[in-house]
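Asker: Whatever this is, show me its structure:
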Amino acid sequence: MTDLVIRPAASADLSHLLDLYRHLDAEDTRCPPGVAVDVFERFRRYDGSAILIGLIGEAMVASCTIVVIPNLTRGGMPYALIENVVTHGDCRGQGFGKAILAAAVERAWAQGCYKAMLMTGSKKPETLAFYAAAGFEASKTGFQVRRLPPRAE
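Answerer: You can find the predicted model right below:
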C-alpha cells in the first residue's frame with residue numbers, strides 16, 4: 001500500500017483510465033477516443049475538480065472523480081460530488097479504494113468544501129460497508145431522474 005501514488009489524471013493517462021472503467025461496469029459503452037479527449041479536456045478546466053488515479057508503478061489500480069460545485073448557501077462554501085469510484089478487479093481488498101476516496105475528501109477540504117458526498121446504486125452489503133469504512137455515512141435520501149438505465153448489480 002505504501003507504493004500507491006495518487007495524482008490527478010493527465011491526458012497521457014486517458015487510455016488506461018478508460019480501461020480501468022471496465023472494472024466499474026464491463027457492459028458500459030466505452031467512450032469513443034475523440035469524445036473522451038474532448039470530455040477530459042473540458043473536465044480539466046472545471047475549477048477544483050479532478051479525476052484522481054492511483055498507481056502502483058505504471059499500473060493504474062484505482063480512480064475516482066471529484067467535482068467541486070459552487071454554492072450560494074453555507075456562506076458560499078462549495079461542496080464536492082464524488083463519482084466513478086473504481087478499483088481494478090485484481091486489486092480489490094488492498095486499501096486502494098479507501099486511499100483514493102481519502103485523497104478526494106482531502107482535495108474537497110483543500111478547496112473549502114463544507115461536505116463531500118457520493119451516491120451508490122449498489123445494494124451489496126460489501127459495497128455499503130466499503131463506503132462506511134472509508135468514512136462516509138448513509139445520512140441522506142437520494143433521488144434521481146435517469147436517461148440511461150442503472151448499472152446491473
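Asker: hey, let's count contacts and neighbours off CA atoms from now on
Answerer: OK.
Asker: which residues in this protein form strands?
Answerer: Ranges of strands in the chain, per DSSP state E, are 4-8, 50-56, 59-69, 79-87, 116-118.
Asker: For the fourth one, enumerate the helices and strands it packs against.
Answerer: Here strand 79-87 is seen to pack against strand 59-69, helix 96-110, strand 116-118 when contacts are counted using 3 or more C-alpha pairs under 8 Å, 6 or more residues apart in numbering; DSSP states H and E.
Asker: what distance separates it from the centre of its chain?
Answerer: Counting by C-alpha atoms, centre = their mean, to the nearest Å, strand 79-87 is centred 3 Å from the centre of its parent chain.
Asker: can the helices and strands packed on strand 79-87 go into CSV with extra columns for mean pLDDT?
Answerer: Converted to CSV, the helices and strands packed on strand 79-87 look like this (pLDDT from 0 to 100):
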stretch, mean pLDDT
strand 59-69, 97
helix 96-110, 97
strand 116-118, 95
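Asker: Can you tell me which of these is packed in deepest?
Answerer: strand 59-69 (a mean of 22; mean count of other C-alpha atoms under 10 Å).
Asker: ok now it, how far from the chain's centre?
Answerer: Distance of strand 59-69 from the chain centroid (C-alpha atoms, centre = their mean) equals 4 Å.
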